[in-house]
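In: this is a predicted model, with the sequence first.
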Amino acid sequence: MQGAEGEGAGSVLTYVTEPESRKQRRRSPSCNSLLQLPPLTFPRQLTIELPYSKSVAARQILRHYLKHQSLSDLIGSGVTGAFFCDDLKVLYHAVEQLAKRQGSSSCKVDCGESGTAIRFLIIASLFEPGDTQLVGSPRLIERIKRDDLQFITQLGGDYQWLSEESTLIIVPPKEVHDTTLTNRWSSSQYLSAIELCNEAYGTKIAYHFSPDSPSYSYLQLTQSVISKGDKYPLERDWSAASFWYQLLATNPQVEQIVFPRLNLDSVQPDRAVADLYRTFGIETKESNEGVQITRVGDCHAQRIEMDLSQNLDLFLPIALTAVALDCPFEITGIHLLRNKESDRIASLIENIQPYGVTGIELTEDHIVWSGTRTPGAKEVSIHPHNDHRVAMAFGIWGSNQSEIQTTILTPDVVHKSYPSFFDDLLRYRAEH
């Protein structure tokens, strides 16, 4: 595996060649390494440069394309470097490809593993002059097939699956008319794309989506991006910050972490991590260097109860923080987690049990941990199942397991949202 851009001599990454038998079983052909987590020694204060917010940048990329604005005005020389994740690169190159379409000819774009890209482009393709072929990984296509796509025909378009090629063909209508959609929405990303198209093309496509619906907060983010327009800057990512909140709350060596250029006043939904981690004794404030988080106390709650329906990406770091602190929890609003890059509920249970964590109970929309622990294994391999957030959350978890050797399978899945994550973490490898 190649390290993130900027990695040079003296790299602290420790990679082991993956056996051929396991390579054949993996889900993603791009992930071909293992990472054995070495002993880490942290200073009291860390400074972490976070990647750009995928949520903000993706909305601005699509908005610029729809309004025929130059992407170079937004991103300069392009989505290069460690601060731009794979999902943003996929969307950026996809709209570049759409912009090269000749008249009403068919256009083929690769969405890779990106749910954001394919959902945004399903909507945008309805306004294109010709058919658009959206290609994705088998797991991505499986996820999209679970979505209710009736809105395509309600808007006058059509679609066709080419299952053997993992391709969705969108056939646009001659004209998209104003209407009110009666869809069942499993993702607010479709609605965000509709709002961006309404702004760009002057359409008035309406829909029903309750403020109580999961991920409604991401629709609010889209509306904020639209209202501020070109004045809404690219921001650093609060979702990425959540894993460092997890580290600060669970590793006694670390007392403070600073995030340069992170915006405390952001409307990114996962800005809520700052409020949620007060439960774990973490204080968040602005400083001259950036956003500063400090451990000011311990978790005194006998049992944690949280509704994460608006912040599903915080589920894994919060759940693993609670377990690390031996704090029983009940987390609700989680049913959509089963249709992420992996089934994140199943991934949590599968990967946590070898550490001796038992007593987990599930219903459709909530998970309860009773606090039960038993002796764990001496060596544990974490299976991310091609899910970047599983790899990162268990990377932090594993770094705290001094008595258990933790190996992360396919660690490069983190490139989807945070390419330099393991570089940042393993910078603190203990000196022998």
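Out: Arrived safely.
In: wait, residue 312 touches residue 215, no?
Out: Yes. When contacts are counted by C-beta atoms under 8 Å, residue 312 is listed as touching residue 215 (6.9 Å). Backbone N, C-alpha and C define where each C-beta goes, glycine included.
In: give me the nearest residue to residue 128, chain neighbours excluded.
Out: Closest residue to residue 128 apart from its sequence neighbours, by C-beta to C-beta, 6 or more residues apart in numbering: residue 172 at 5.4 Å.
In: any idea how many residues pack against the one you found?
Out: By other C-beta atoms under 10 Å, the residues close to residue 172 number 21.
In: tell me the contacts of it?
Out: 125, 126, 127, 128, 129, 130, 131, 132, 157 (C-beta atoms under 8 Å, 6 or more residues apart in numbering).
In: swap in 6 Å and give it another go.
Out: Residue 172 sits next to 126, 128, 157 when contact means C-beta atoms under 6 Å, 6 or more residues apart in numbering.
In: turn those into JSON lines, including pLDDT, neighbour count and secondary structure.
Out: Below are the contacts of residue 172 laid out as JSON lines (pLDDT from 0 to 100; neighbours: other C-beta atoms under 10 Å; DSSP: H, G, I helix; E, B strand; the rest coil):
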{"residue": "126", "pLDDT": "98", "neighbour count": "24", "secondary structure": "coil"}
{"residue": "128", "pLDDT": "98", "neighbour count": "18", "secondary structure": "coil"}
{"residue": "157", "pLDDT": "98", "neighbour count": "22", "secondary structure": "coil"}
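In: pick out whichever of those sits closest to residue 377.
Out: Proximity of these to residue 377 (C-beta to C-beta) peaks at residue 126, which lies at 50.7 Å.
In: got a list of what that closest one touches?
Out: Residue 126 makes contacts with 155, 157, 172, 176, as judged by C-beta under 6 Å, 6+ apart.
In: just the ones in helices from those, please.
Out: Counting by DSSP state H, no part of those is found in helices.
In: so can I have TSV of those residues showing distance to residue 145?
Out: What follows is those, written out as TSV (distance: C-beta to C-beta, whole Å):
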residue	distance to residue 145
155	19
157	17
172	20
176	23
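In: which one of the residues you listed is nearest residue 269?
Out: For the contacts of residue 126, the nearest to residue 269 is residue 155 (26.7 Å; C-beta to C-beta).
In: surely the closest one and residue 176 touch.
Out: Yes. Contact criterion C-beta atoms under 6 Å: residue 155 and residue 176 qualify, at 5.5 Å.
In: okay, those two: which has more neighbours?
Out: residue 155 (22 against 17).
In: contacting residues for the more buried one?
Out: Residue 155 sits next to 126, 176 when contact means C-beta under 6 Å, 6+ apart.
In: could you say which helix or strand holds the spatially closest residue to residue 123 that is not a sequence neighbour?
Out: Nearest residue to residue 123 in three dimensions, chain neighbours excluded: residue 193, at 3.5 Å (C-beta to C-beta, 6+ apart). In the assignment (DSSP states H and E), residue 193 maps to helix 189-201.
In: what's that helix in contact with?
Out: The contact list for helix 189-201 (C-beta under 6 Å, 6+ apart) reads 62-63, 66-67, 116, 119-120, 123, 127, 205, 209, 219, 222, 226.
In: narrow these to those that are buried.
Out: Neighbour counting by 16 or more other C-beta atoms under 10 Å classes 62-63, 66, 116, 119-120, 123, 127, 205, 209, 219, 222, 226 among those as buried.
In: so which of the residues you listed comes closest to residue 264?
Out: Using C-beta to C-beta, residue 222 is the member of the buried ones among the contacts of helix 189-201 that sits closest to residue 264, with 20.7 Å.
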